[in-house]
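Student: Starting from these lines, generate the structure:
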Amino acid sequence: MQNLDNNYNSPRFLLKYDAKSGIVEYDIDNIYPNPFKVDKNQYTLIILGTPILGNISNKAQVSSEILSTGRLDQKYVKLLDGEFLFILLNRKNNTIEIANDRFTSFPMYYYILDNVLTLSYSYLDIIKVASKEKKFKIRSDILFEFLWFRRVFNDNTYDSLTKFLKPARIISFSIKGFNECVYWRPCFTKSKNSLNHNTDELARLILLSLEKKTLDLAGRNAGLFLSGGMDTRTILAAFSNNKNIELPTCFTVGYSKLGEYRVAKKLTQMIGAKHHFIHVPETYNDTRWGEKLHITGGMYNQFGPIFSGHSDKISSYSDVFFHGHGLDYMFQGMYLPGKHVKILGNNTYYKKITNLNKIDNFSEYFSRNAPYRTWKVDVESHVLPEYRSRMIGGLVERMDMIAEEGRAVCNDNFDLWEYFMIHTPFRHYSQPDIISMATNGEQRKVANDNDLFDFYLSLPIDQRKYARIMRGALSKMSPSFAKIISANTGYKIDATPTELTAHFALYKAMRVITNDQSYSHPSAKDRTWADDDIEVRIRPRLNTAVSKLSRSEYLREYLPFLDFNALDKNMIHWLDNKHPGGGLFITSLLTIENLLKKIV
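Tutor: Numbering: from 1, shown residues only. Next comes the predicted model:
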């Protein structure tokens with residue numbers, strides 16, 4: 001195959017397998033760790049990632065055991081832990097098999113046409129190929145789904161050919177056809193243990209997950225992307241209790257040395273860990289927008305990722321990078337169903353959980369109340385009236401398909417709510433953070449651990465609410481870390497909802513009395529990510545691009561449901577009158593336009 005056009009440092013893997021001839025061609029670029037390849041007799045095995053067997057990563061042993069049977073056996077793959085993807089080519093019977101982990105740590109998009117399987121890590125790469133096929137067609141309904149949720153669900157993509165490989169799958173393809181099996185399904189049986197007992201267990205499992213992921217790193221240096229929040233400081237606390245490897249070199253990425261860096265610096269100073277600030281230039285969203293498209297593949301909002309482009313500053317210090325992604329929704333209850341309780345019209349830190357078991361139409365309720373859907377802008381109001389029923393109805397029908405699949409393993413609607421989160425973990429809107437981290441070298445996700453994941457599924461909601469179990473685990477691993485403030489709130493990280501509500505009520509009173517803005521809640525400038533509402537106004541290239549969206553020929557052709565008059569009218573408020581709220585929505589539209597420009 002012709003080498004991939006990779007002017008950026010983003011991960012690429014593109015494979016074509018002709019079942020009739022048995023010929024396979026592939027290109028790999030910037031995939032870390034370097035793919036492990038073994039040729040033996042009539043077999044070729046490619047391993048991406050670090051499969052763990054017996055609590056340690058040993059690719060040689062895993063490859064030997066797979067090749068001894070000549071197939072990807074589902075019982076064997078189910079025994080493996082960690083982050084992996086296998087590609088096994090059998091030249092004797094002209095068959096290719098592919099197996100991934102339960103987390104989709106290594107995403108794969110694929111389509112089959114005329115006895116040829118095309119497989120790719122990046123949706124951008126595969127859609128460039130698929131768009132040349134006669135049967136290719138852009139799906140406006142899935143583009144709408146992306147605008148609505150800022151992500152895509154199930155195995156759908158923006159086109160009529162390509163599918164996303166869902167987790168815990170083994171697929172095989174030959175001239176005889178295509179087969180898919182699911183080797184693992186989640187279990188939602190709830191633990192009856194006390195919060196204190198489960199807090200101890202969570203601390204133990206986090207330590208064990210880190211141990212599994214560091215046992216093979218003798219002589220290598222670990223790095224940790226450290227913020228001022230709870231997840232990454234918990235990982236740092238685990239490192240301080242880990243005897244396999246020295247403390248990691250920590251990196252705090254941000255636009256300024258305000259809240260996040262100051263808090264992270266306190267943490268590293270407490271235990272003597274090395275710490276570097278990685279400055280993100282103010283022009284990042286203007287100068288690296290093209291790279292962001294390659295990182296997201298157009299499947300996620302381009303605005304998000306900020307961890308790429310820093311390898312020259314961090315690779316000399318660390319070989320393998322860790323981070324805290326995933327622990328938030330698992331153990332902090334970040335996306336639990338419900339609403340914040342209001343007092344005198346103001347939100348408090350109390351949250352009332354919605355009784356989902358009283359919901360009749362779960363899919364419709366989820367579609368309108370998923371906490372990670374596009375916010376600040378009413379997407380429905382930007383859909384032409386004649387299209388609204390069809391677009392939203394189709395979206396709910398697609399959610400029904402996931403619900404039907406989930407009910408086979410779920411006990412109630414609360415389990416089903418979680419199922420929507422985990423049925424394709426890689427497709428969550430925050431995934432570009434991990435992909436952009438992976439441009440700097442190998443990254444390992446502590447949350448991607450079988451035992452830890454099973455434990456999360458077993459927890460009752462009450463123990464995850466207000467991050468009770470996570471706060472407890474942090475306090476047990478490092479009582480001193482639990483006393484340091486959170487950069488997100490500027491208040492102690494183990495604070496209860498009552499303490500937080502009282503603290504900020506007092507701050508508001510002091511701000512009114514003294515007019516001293518230092519009593520304000522931490523703002524976007526104190527945290528890692530820039531404010532999209534501000535960025536679309538002040539970055540020249542970004543502002544020019546989004547201001548033209550309502551006249552885009554690409555959007556007008558492939559998003560016929562979009563009310564461009566409403567968009568044009570609201571652009572004036574968002575960009576000229578500086579009303580907040582439109583940043584996320586219009587950068588999502590820009591992402592779609594940029595992808596379409598590459599393929600049509």
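Student: low-scoring pLDDT stretches of this protein, where are they?
Tutor: 1-7, 519, 521, 523-528 (pLDDT under 70).
Student: Skipping its backbone neighbours, what lies nearest residue 381 in space?
Tutor: Among residues not flanking residue 381 along the chain, residue 566 sits closest, at 6.5 Å (C-beta to C-beta, 6 or more residues apart in numbering). Every residue, glycine included, has its C-beta placed from N, CA and C.
Student: neighbours around the one you found, how many?
Tutor: 15 (other C-beta atoms under 10 Å).
Student: Strands along the stretch 1-150 of the chain, start to end?
Tutor: 12-18, 24-29, 36-40, 43-53, 56-57, 81-90, 95-100, 109-113, 116-120 (DSSP state E, counting those that start in this stretch).
Student: Of these, give the one that comes closest to residue 381.
Tutor: Shortest distance between residue 381 and those, using C-beta to C-beta, is found for strand 109-113: 31.9 Å.
Student: What residues sit buried inside that closest one?
Tutor: Buried residues in strand 109-113, counting neighbours by 16 or more other C-beta atoms under 10 Å, are found at 109, 110, 111, 112.
Student: before we move on, the earlier item: ramachandran angles for the residue nearest to residue 381?
Tutor: Backbone torsions for residue 566, taken as degrees, to the nearest 10, come to phi -60, psi -40.
Student: my guess is it contacts residue 379, does it?
Tutor: No: judged on C-beta atoms under 8 Å, residue 566 makes no contact with residue 379 at a distance of 10.8 Å.
Student: contacting residues around residue 57?
Tutor: Applying C-beta atoms under 8 Å, 6 or more residues apart in numbering, we find residue 57 in contact with 50, 51, 82, 212, 213, 215, 216.
Student: repeat for residue 408
Tutor: residue 185.
Student: Mind listing what's buried along stretch 311-328?
Tutor: Buried residues in stretch 311-328 (16+ other C-beta under 10 Å): 314, 318, 319, 320, 321, 322, 323, 324, 325, 326, 327, 328.
Student: which residue is nearest the middle of the protein?
Tutor: Nearest to the mean C-alpha position of the chain, by C-alpha atoms, centre = their mean, lies residue 431 at 2.3 Å.
Student: Isn't that one up against residue 297?
Tutor: No: using C-beta under 8 Å, residue 431 is not in contact with residue 297, being 10.0 Å away.
Student: export the buried residues of stretch 311-328 to TSV and tack on distance to residue 283 and secondary structure?
Tutor: Shown next, in TSV, are the buried residues of stretch 311-328 (distance: C-beta to C-beta, whole Å; DSSP: H, G, I helix; E, B strand; the rest coil):
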residue	distance to residue 283	secondary structure
314	20	helix
318	26	coil
319	30	coil
320	30	strand
321	25	strand
322	29	strand
323	25	strand
324	28	coil
325	26	coil
326	31	coil
327	32	helix
328	29	helix
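Student: Between all of the residues you listed, which two are at the greatest distance?
Tutor: Top of the distance list for those (C-beta to C-beta): 319 and 328, 26.0 Å.
Student: so residue 300, which of the three states?
Tutor: Three-state assignment for residue 300 (DSSP: H, G, I helix; E, B strand; the rest coil): coil.
Student: so what's it up against?
Tutor: Applying C-beta under 8 Å, 6+ apart to residue 300 gives the contacts 150, 151, 429, 431, 432, 591.
Student: ok, the residues you listed vs residue 481, which is closest?
Tutor: Comparing those against residue 481 with C-beta to C-beta places residue 431 closest, at 26.9 Å.
Student: isn't residue 483 right up against residue 492?
Tutor: Yes: counting by C-beta under 8 Å, residue 492 is a contact partner of residue 483 at 6.3 Å.
Student: Comparing the two, which shows the higher neighbour count?
Tutor: Under the criterion of other C-beta under 10 Å, the comparison of residue 483 against residue 492 puts residue 492 first, with 15 against 12.
Student: Near the nearest residue to that one once chain neighbours are set aside, how many other residues are there?
Tutor: In space, and not counting its chain neighbours, residue 492 is closest to residue 485: 5.7 Å by C-beta to C-beta, 6+ apart. By the criterion of other C-beta under 10 Å, residue 485 has 17 neighbours.
Student: And the contacts of stretch 334-346?
Tutor: Stretch 334-346 has contacts (C-beta under 8 Å, 6+ apart) with 328-329, 347-354, 356, 369-372, 414, 417, 421, 461, 464-465, 501.
Student: Distance of residue 278 relative to residue 60?
Tutor: For residue 278, the distance to residue 60 (C-beta to C-beta, to the nearest Å) stands at 35 Å.
Student: More neighbours: which of these two?
Tutor: More crowded of residue 278 and residue 60, by other C-beta under 10 Å: residue 278, with 17 against 10.
Student: I figured residue 15 was touching residue 85, is that so?
Tutor: No: contact criterion C-beta under 8 Å: residue 15 and residue 85 do not qualify, at 11.4 Å.
Student: Give me the distance between residue 518 and residue 208.
Tutor: Residue 518 is 42 Å from residue 208, by C-beta to C-beta.
Student: one step back: from the contacts of stretch 334-346, which ones fall inside strands?
Tutor: Among those, the residues falling in strands (DSSP state E) are 347, 348, 349, 350, 351, 352, 353.
Student: ok, the first one to residue 501 distance?
Tutor: In this structure, residue 347 lies at 9 Å from residue 501, with C-beta to C-beta as the measure.
Student: Give the residue from the two that has the larger number of neighbours.
Tutor: residue 501 (19 against 13).
Student: Now do the same contact list for the closest residue in space to the more buried one that isn't next to it in sequence.
Tutor: Closest residue to residue 501 apart from its sequence neighbours, by C-beta to C-beta, 6+ apart: residue 348 at 4.4 Å. Listed by C-beta under 8 Å, 6+ apart, the contact set of residue 348 reads 340, 341, 342, 497, 501.
Student: before we move on, the earlier item: so what does the residue nearest to residue 492 have for phi and psi?
Tutor: Residue 485 adopts backbone torsions of phi -60, psi 160, taken as degrees, to the nearest 10.
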